[in-house]
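Trainee: Below are the sequence and a predicted model; questions follow.
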Amino acid sequence: MGSFIFGILGIGPHFPPMFGFRRLANRTASRLRLGLVGAAGFGVCQLLAEPAANAVNATGAPKDTAPAATPASPATSVETSVVKVFATARGPDVFRPWQKQAPHEETGSGIVIEGKRILTAFRAIQYSNEIQIQANQAGDKITATVELVSNEMDLAVLKLGDESFFDTHPPLARAQGAPSIKDTVLVYGYPIGGTSLSITKGIVSRIEFTQYNFPTYGLRVQIDAAINPGNSGGPAVAGDRMVGMALSHLGGTENIGYIVPNEEIDIFLKNLPAGKYTPKPGFYDACQTLQNAALRPFLKLEKFEEGMLVRKADSSDARYPLKEWDLIEKVGGYPVDDQGMVHVGELRLDFRYAVQKDTVNGQIPMEIVRGGKHLRLEVPIPNGREMLIPGVRGAYPPYFIYGPIVFTKATQAISAGLMRNANLMGGMTWDASPLLNRRGDRAAFPGEEIVLVPCPLFPNKLGAGYDPPFFHVVASINAVPVRNLKHLVELLRDARTDYVTIRFVDRNKEAIVFPRKETLAATEQILSDNGVRAQASPELLEVWQKKPSP
Amino acid sequence: MAEEAFAMMHRCTLLGVLSAAILLAPRAQPAAPPPPSAENSVVKVFSTVRNPDVFRPWTKQAPADFTGSGVVIEGKRILTNAHVVLYSNQVQIQANQAGDKIGATVEAVAPGIDLAVLKLDDESFFDSHPPLKRASELPAIKDSVLVYGYPTGGSSLSITKGIVSRIEFTFYNYPVSGLRIQLDAAINPGNSGGPAIADDRMIGLAFSHLVGAENIGYIIPTEEIDLFLKQVEGGKAYSKPALYDLTQTLENSALRPFLKIDKADTGILVLQPDNDDPGYPLKKWDLISKVGSMAVDDQGMIHLGALRLDYHYGVQREAHDGKVAVEIVRDGKHLRIEAPLESERPQVIPWLSGAYPRYFVYGPAVFSPATGDFFGGFIGSTEAVNALLFGSNPMVTRRADKPAFPGEEIVVVSSPFLPHPLSEGYANPVGHVVSEVNGVKIRNLRHLVEVLRDAQTDFITIVFAGRGEETLVFPRKKMLEATDEILGDNGIREQGSPDLMEVWKTVPKH
């Protein structure tokens, strides 16, 4: 009632200034302003892979006109190491997980790196199984496959079908260390506004250690060279060495572009031999700064004692060494100041950089002050944070179809889509949906997932009379609480009752009861009727078809 | 189908209209015949409204002028909609073709059913403006109706004509449901509070229309008006006892064999009783087959004459002494039970519904109980919602909860810090929910004030609920000393709402 009064009067409620949301707001602000993923409309912001439709020039002339004769000039090494990346992307269809969205063409940029590989941005090739690269001034495209990805850091490595390409296209050497502020950089890539290689020039404006995708932090270099859609994955070069990979720009601003620096690229590439990506060490405990004048006397800290205060450990392990109100004075070799920053050369970075840098074998030494005493602790540092609602790393959502009802697991692709619709979210808070209430949670136990129904029931008399359980989160099958999607499949597989009862976590939502034998019998016909090829994702089909436990 | 949660988002707009008050001087006229009675009983309502400012609860929003309609009723009163006069401290009415406005006060208001009663400063008005008689029965579908009021598009009385299109029992404003009549007469902003008349009798009060549709207007039927007037007589608050058990329809064919319900039995299934007390007479999977003597069908509807209405209407009709007699089918047996009704639906995050937010200022921090209105202000911004979700803020996680114990409130920081050195170095905690102060779990705003009042420590620590929020530490004596300066600097007249200032100033017992 109350909020509608505001609407009628035309005097809206005064939205609060975003002061309280500093930490997240910076991240979400930059993410939101970077626009939407093209076809899916879900998922986090699209980072500069642009649809190929833009590539046609204004006069409608065909793209591949022969270049006018130019005096022969030796191609410089950087140009020979930059490629255009073409990807045919099929985004996941979060509402119909048995199929994919219509394909659309994306272009981006890539860099030749050591080991006969191409480095590019994850978003440029996300959800693509048809990827090709094209060298500067070359006429042919070469097929590529994805070898390694990190959606947390937005990086990907491609292998080529025909490796003779690398004979004439050497890797671009990377500079040691980070560039300095004010260094000149050139950004090479294939942005919108034309089809061939484009080079822009600028300087290094700022270097920070900040949030990439919740909850992952990384070093990020800001430059004022023009970076546009299509530049993703291309190199930023200072002198003749690469200093980073173009990632994104801040929408609605001028010349605020971001590159992933070599240090992060090197950490990422260390995963290549293993063939799979292990997240970086990260520090996820809630902390607060020592800035307010009351905190020192309150905690009986001396004026010379500086650092970052621990508020709440992220780990629930009782043996975790950090406690509330510990003052972290030093992380590895880095002293921490009252704003939680460490000095690294000429830079001042968030102290979590020190954790990333100095963690060895999953541990890092920290010097703390607790109860007036100085202590040295070995703090266990996890690789990444197991989110209850995880990112997808380019995989398609797993699903299982049982008669007329479809089940899938919640991922960032689903939650991020919800985030855009504030009214829908407001409504969902009434139902206490875990999609909202547990958005930032870690898994409560290993393997925990949120299982939900991503679409209305397939039309069938088995479902007649039930409200569409659209986006309802499954609580239990036959009163057994569901731990994850695989567990749900097992419960359905092993059920022996005449009826199967599905209850949902969301408040106020119906229980769904199906007659078990009829539901099994109806499945084939439902799949045919709705053009569904497979009843489940491969790994879940395997579980379904296993002999049930006695 | 399941019964939806009562707090649905309304798709109707309410029909007060923002306008500047412009008085047109009447031109000299020849002697005219006396106007017909309906016109004589319809008034224009002018209301100067000051909505609450949930982000600055020590003040109100700037006054805004609203117009709507009203109708003269028995007892020398004017009936109008609650939303026309809610938060107004200055109401005037003007009769049809009259030049003067008469001051009015709000005597009774019920936001739940959107009705309000006005008293006039000068009751001689009623000598020449008699009450409009109300119909004693519901109209029939297709009956012709005239709607009288003062909608946008002009300033004098406007009459539109239509028919009764539909009658249903549906949600009004949480937690109230009621009968609602749909007309196709044009109803526009400004019509709120005006009568719909059939055969010289008022059949209802216009109150809203469906936005984006053509000619789907809604009126509150006289049956609901009569219930309201009877309730608020003598100054009592309006409440409507109802059943709030979660139910689901018996439509799906698997449910009968699953629950072993005979084909001959129809009704609505109890999915989850509202109350998990062992003494509560309704249990999960009970089939409510009759309300009073009215049979309930598989979609939860009852038949009354030519109408088919939600069974909650039957409950409303049959309710007596806070109970309703229902027939249920349980384990194959037919039982008659008396189900207790609830009139109050306390929520831990309630709507303000005409009240101004309570608050307390402590140094640079401002605290207030979280309300639906405050939360509504946040969810307009996706960034703010993201922050609430990632932070597991109780305003989200406990949105639809009842209080866990009597008097429970969710205490929230309602404003950015009032600028002062004491808060330097802390991020602004707007929207953060207070969990503990000095290690004491905070039950409600009053409790917070008591804890702050009785603290003897050098420092006050305020811990917030959820993930990742800073703990605020303030030097207690400096906070107290800085109060006057902060209030003065920010133009805040009172440090807290009256009831809280009383608590603050009461010397604690030892």
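Mentor: Thanks, I have the structure now.
Trainee: Residue B:66 bridge partners, please.
Mentor: As for beta bridges, residue B:66 partners with residue B:18, residue B:47 under DSSP bridges.
Trainee: So it is in contact with residue B:81, correct?
Mentor: No. Counting by C-beta atoms under 8 Å, residue B:66 does not reach residue B:81; the two are 10.6 Å apart. Backbone N, C-alpha and C define where each C-beta goes, glycine included.
Trainee: Determine the set of other helices and strands touching the longest helix seen in chain A.
Mentor: For chain A, the helix with the greatest residue count under DSSP state H is helix A:516-529. Where contact means 3 or more C-beta pairs under 8 Å, 6 or more residues apart in numbering or on different chains; DSSP states H and E, helix A:516-529 is packed against strand A:399-402, strand A:499-504.
Trainee: Can you check which of the ones you listed gets nearest to residue A:411?
Mentor: Using C-beta to C-beta as the measure, strand A:399-402 is the one of those that comes nearest residue A:411, at 11.6 Å.
Trainee: Can you give me the buried ones in the longest helix of chain A?
Mentor: Of the residues in helix A:516-529, A:516, A:518, A:519, A:522, A:523, A:526, A:527 count as buried by neighbour count, 16 or more other C-beta atoms under 10 Å in any protein chain shown.
Trainee: Out of the residues you listed, the closest to residue B:154 would be?
Mentor: Closest to residue B:154, out of all of the buried residues of helix A:516-529 and judged by C-beta to C-beta, is residue A:526, at 57.9 Å.
Trainee: re earlier: any chance of the helices and strands packed on helix A:516-529 in CSV, plus distance to chain B and mean neighbour count?
Mentor: Below are these laid out as CSV (distance: least, C-beta to the nearest C-beta, whole Å; neighbours: other C-beta atoms under 10 Å in any protein chain shown):
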stretch, distance to chain B, mean neighbour count
strand A:399-402, 14, 23
strand A:499-504, 4, 20
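Trainee: Now tabulate those strands in JSON lines and tack on mean pLDDT.
Mentor: As requested, the helices and strands packed on helix A:516-529 are arranged in JSON lines below (pLDDT from 0 to 100):
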{"stretch": "strand A:399-402", "mean pLDDT": "97"}
{"stretch": "strand A:499-504", "mean pLDDT": "97"}
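Trainee: how long is stretch A:298-308 from one end to the other?
Mentor: 15 Å (C-alpha to C-alpha, to the nearest Å).
Trainee: Run through who's touching that stretch.
Mentor: A:287-290, A:295-296, A:309, A:325, A:327-330, A:335-338, A:340, A:351, A:368-369, A:372, B:458-459, B:461, B:473, B:475 (C-beta atoms under 8 Å, 6 or more residues apart in numbering or on different chains).
Trainee: where do the helices sit along the stretch 101-250 of chain A?
Mentor: Listed in chain order, the helices of the stretch 101-250 of chain A (DSSP state H, counting those that start in this stretch) span A:122-125, A:165-168.
Trainee: okay if I get the ones you listed as a markdown table plus distance to chain B?
Mentor: Listed next are the helices of the stretch 101-250 of chain A as a markdown table, based on distance: least, C-beta to the nearest C-beta, whole Å:
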| stretch | distance to chain B |
| --- | --- |
| helix A:122-125 | 20 |
| helix A:165-168 | 43 |
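Trainee: closest one to residue A:448 among these?
Mentor: Of the helices of the stretch 101-250 of chain A, nearest to residue A:448 by C-beta to C-beta is helix A:122-125, at 25.4 Å.
Trainee: How far does that closest one sit from its chain's centre?
Mentor: Put simply, helix A:122-125 sits 11 Å off its chain's centre (C-alpha atoms, centre = their mean, to the nearest Å).
Trainee: can you map out the strands along the stretch 301-450 of chain A?
Mentor: Assigned by DSSP state E, counting those that start in this stretch, the stretch 301-450 of chain A shows strands spanning A:308-312, A:327-331, A:334-335, A:341-344, A:347-350, A:363-370, A:373-380, A:399-402, A:405-409.
Trainee: Quick one: those as JSON lines, columns for distance to residue B:99 too.
Mentor: JSON lines is the format used below for the strands of the stretch 301-450 of chain A (distance: least, C-beta to C-beta, whole Å):
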{"stretch": "strand A:308-312", "distance to residue B:99": "67"}
{"stretch": "strand A:327-331", "distance to residue B:99": "75"}
{"stretch": "strand A:334-335", "distance to residue B:99": "80"}
{"stretch": "strand A:341-344", "distance to residue B:99": "71"}
{"stretch": "strand A:347-350", "distance to residue B:99": "70"}
{"stretch": "strand A:363-370", "distance to residue B:99": "79"}
{"stretch": "strand A:373-380", "distance to residue B:99": "81"}
{"stretch": "strand A:399-402", "distance to residue B:99": "71"}
{"stretch": "strand A:405-409", "distance to residue B:99": "67"}
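Trainee: which strand is the longest one in the chain?
Mentor: No chain was given, so I picked chain A. In chain A, taking DSSP state E as the definition, the longest strand is strand A:198-211.
Trainee: you looked at the wrong chain, it should be chain B
Mentor: strand B:158-171.
Trainee: Show me what the helix or strand just after it pairs with in its sheet, parallel or antiparallel.
Mentor: On the C-terminal side of strand B:158-171, the nearest following helix or strand under DSSP states H and E is strand B:177-183. Neighbouring strands of strand B:177-183 in its sheet, by DSSP bridges, are strand B:158-171 (antiparallel), strand B:217-221 (antiparallel).
Trainee: Of all those strands, which one is nearest residue B:480?
Mentor: Closest approach to residue B:480 among the strands paired with strand B:177-183 is made by strand B:158-171 (47.3 Å; C-beta to C-beta).
Trainee: In the stretch 351-500 of chain A, where is pLDDT below threshold?
Mentor: Applying pLDDT under 70 to the stretch 351-500 of chain A flags residues A:421.
Trainee: meant to ask about chain B, not that
Mentor: The model of chain B has pLDDT under 70 over residues B:1-36, B:509-510.
Trainee: biggest helix in it by residues?
Mentor: Counting by DSSP H, the longest helix found in chain B is helix B:476-489.
Trainee: Just the buried positions in that one, please.
Mentor: Neighbour-count burial for helix B:476-489 flags B:476, B:478, B:479, B:482, B:486, B:487 (criterion: 16+ other C-beta under 10 Å).
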